[in-house]
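Engineer: heads up, no residue letters with this:
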Ligand code: SAM
């Protein structure tokens, strides 16, 4: 269960109505029952139910059961599409170990704004359901050109471009992807997925000119943006095993 407060031995964790309903109404836990807690920072902790009520409750933190496991420093940048598909991308990115999720507004992105709090809640739920100890931050919507102008030094960008291989086979980026097996510490990278309408000609030209951006084909078929996000994240898991 995710809680937004520090965890440590002896810490008490108050529960709001929703969490109390879930633990005591849905899961039928009663006083003394054990609950595994995480907050995305302090690893996983075993807590016991000290008070169980309809509108709230109290847990008592006992011992750490797992250390925080940070994913590789990989960001997923994507252009928000329809609500359900945007939710899907955030959920899958959190499940597959993206360290940060950044919705970007491109020339052909229809969304003018996003509900960052709602998307962050999806990331929390995904981390809860896959037994993670880390929750990726979902950033606010940012314009792609602004993001590229302030691009952090040293971070490489895997730019997923369906036009790159001209209908050809999947390609690897021109810079070598980091590999856990080689013993290197993975360098910071980001994956960029475009919107339903793809990137505009000027965006593509700019991306192709940037030294840190490496175009990649995910195969000869044009994938939907949500499929492309999962395919690109899968490539990373194959490489890093994390
Ligand atoms: N340009 C297209 C169109 O006619 O709408 C499709 C864009 S595609 C639905 C959305 C995004 O998924 C693209 O901008 C790209 O980032 C990624 N993508 C889809 N298929 C891909 C492929 N075969 N290789 C690389 N990226 C792909």
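Structural biologist: Perfect, I can see it now. No experiment lies behind these values; they were computed from the predicted model shown.
Engineer: in the protein, which spans are strands?
Structural biologist: 12-15, 34-38, 44-52, 57-66, 74-78, 100-105, 137-138, 142-143, 156-160, 189-193, 213-216 (DSSP state E).
Engineer: Nearest to the ligand, out of those?
Structural biologist: strand 156-160 (3.4 Å; C-beta to the nearest ligand atom). In this view, the C-beta of every residue, glycine as well, is placed from N, C-alpha and C.
Engineer: Tell me how many other residues crowd residue 146.
Structural biologist: If you count neighbours by other C-beta atoms under 10 Å, residue 146 ends up with 10.
Engineer: Check residue 199 too.
Structural biologist: 24.
Engineer: The ligand contacts on this protein?
Structural biologist: Contacts of the chain with the ligand, taken as C-beta under 6 Å from any ligand atom, map to 160-162, 193-194, 196-199, 217-219, 221-225, 228.
Engineer: So residue 152 sits against residue 187, correct?
Structural biologist: No. Between residue 152 and residue 187 there is no contact under C-beta atoms under 8 Å: 11.6 Å.
Engineer: all helices of this protein, in order?
Structural biologist: Applying DSSP state H to the chain gives helices spanning 17-20, 83-95, 116-129, 144-149, 201-209, 225-240.
Engineer: thinking again about what came up before, who has more neighbours out of residue 152 and residue 187?
Structural biologist: Between residue 152 and residue 187, counted using other C-beta under 10 Å, the more crowded position is residue 187 (15 against 10).
Engineer: got a pLDDT number for the more buried one?
Structural biologist: Model confidence at residue 187, given as pLDDT, is 79.
Engineer: looking at the helices of the chain, which is buried most?
Structural biologist: For the helices of the chain, the largest average neighbour count (mean count of other C-beta atoms under 10 Å) is found in helix 83-95, namely a mean of 20.
Engineer: I would like the residues contacting that one, please.
Structural biologist: With contacts defined as C-beta atoms under 8 Å, 6 or more residues apart in numbering, helix 83-95 is touched by 76, 78, 80-81, 101, 103, 111, 114, 119, 122-123, 125-127, 129-130, 132, 135-136, 138, 193, 224-226, 229-230, 233.
Engineer: Compute the inter-axis angle for that helix and strand 100-105.
Structural biologist: 150 degrees (axes from the mean of the first three to the mean of the last three C-alpha atoms, to 10 degrees).
Engineer: Excluding chain neighbours, what is closest to the residue nearest the centre of the chain?
Structural biologist: By C-alpha atoms, centre = their mean, the chain has its centre lying nearest to residue 94, at 3.4 Å. Counting by C-beta to C-beta, 6 or more residues apart in numbering, residue 94 lies nearest to residue 126, which is 3.7 Å off, once chain neighbours are set aside.
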